[in-house]
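Q: One predicted model, sequence on top.
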Amino acid sequence: DARVVTAIKAKYAVDKTLSAWSISVGCTQGRVTLSGTVSSPEDIGRAVAIALDTGGVSDVTSTLEVKPKE
């Protein structure tokens, strides 16, 4: 599970639209939970898609909220 979290955070870190600092990633037995804030509704979908595209992930639950950049 720690490997999955590290892999997802690394993908967020290189993504120009997502902030690895504002998205919290948790994982239990392949089930990933995302929380925190993103700048647009599209970013929620992008964050979920990136998490789903990570090896070892079976399910993603998102409680991400949209908070426009100031």
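A: That came through, no problem.
Q: All the helices of the chain, in order from the start?
A: 2-14, 41-52 (DSSP state H).
Q: The longest one: which residues count as buried?
A: Put plainly, it is helix 2-14. Neighbour-count burial for helix 2-14, counted by 16 or more other C-beta atoms under 10 Å, picks out 4-5, 7-8, 11-12. The way it works is simple: take the backbone N, C-alpha and C, and place the C-beta from them, glycine included.
Q: elements contacting that helix?
A: Under the contact definition 3 or more C-beta pairs under 8 Å, 6 or more residues apart in numbering; DSSP states H and E, helix 2-14 sits against strand 23-28, strand 31-38, helix 41-52.
Q: For the spatially most central residue of the chain, list the residues it contacts.
A: With distances taken as C-alpha atoms, centre = their mean, residue 47 lies nearest the centre of the chain, 4.3 Å away. Shown in contact with residue 47 (C-beta atoms under 8 Å, 6 or more residues apart in numbering): 12, 18, 23, 34, 38, 62, 64.
Q: could you dump those residues to JSON lines with pLDDT and distance to residue 53?
A: Shown next, in JSON lines, are the contacts of residue 47 (pLDDT from 0 to 100; distance: C-beta to C-beta, whole Å):
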{"residue": "12", "pLDDT": "97", "distance to residue 53": "12"}
{"residue": "18", "pLDDT": "94", "distance to residue 53": "13"}
{"residue": "23", "pLDDT": "97", "distance to residue 53": "15"}
{"residue": "34", "pLDDT": "98", "distance to residue 53": "13"}
{"residue": "38", "pLDDT": "95", "distance to residue 53": "17"}
{"residue": "62", "pLDDT": "98", "distance to residue 53": "14"}
{"residue": "64", "pLDDT": "98", "distance to residue 53": "16"}
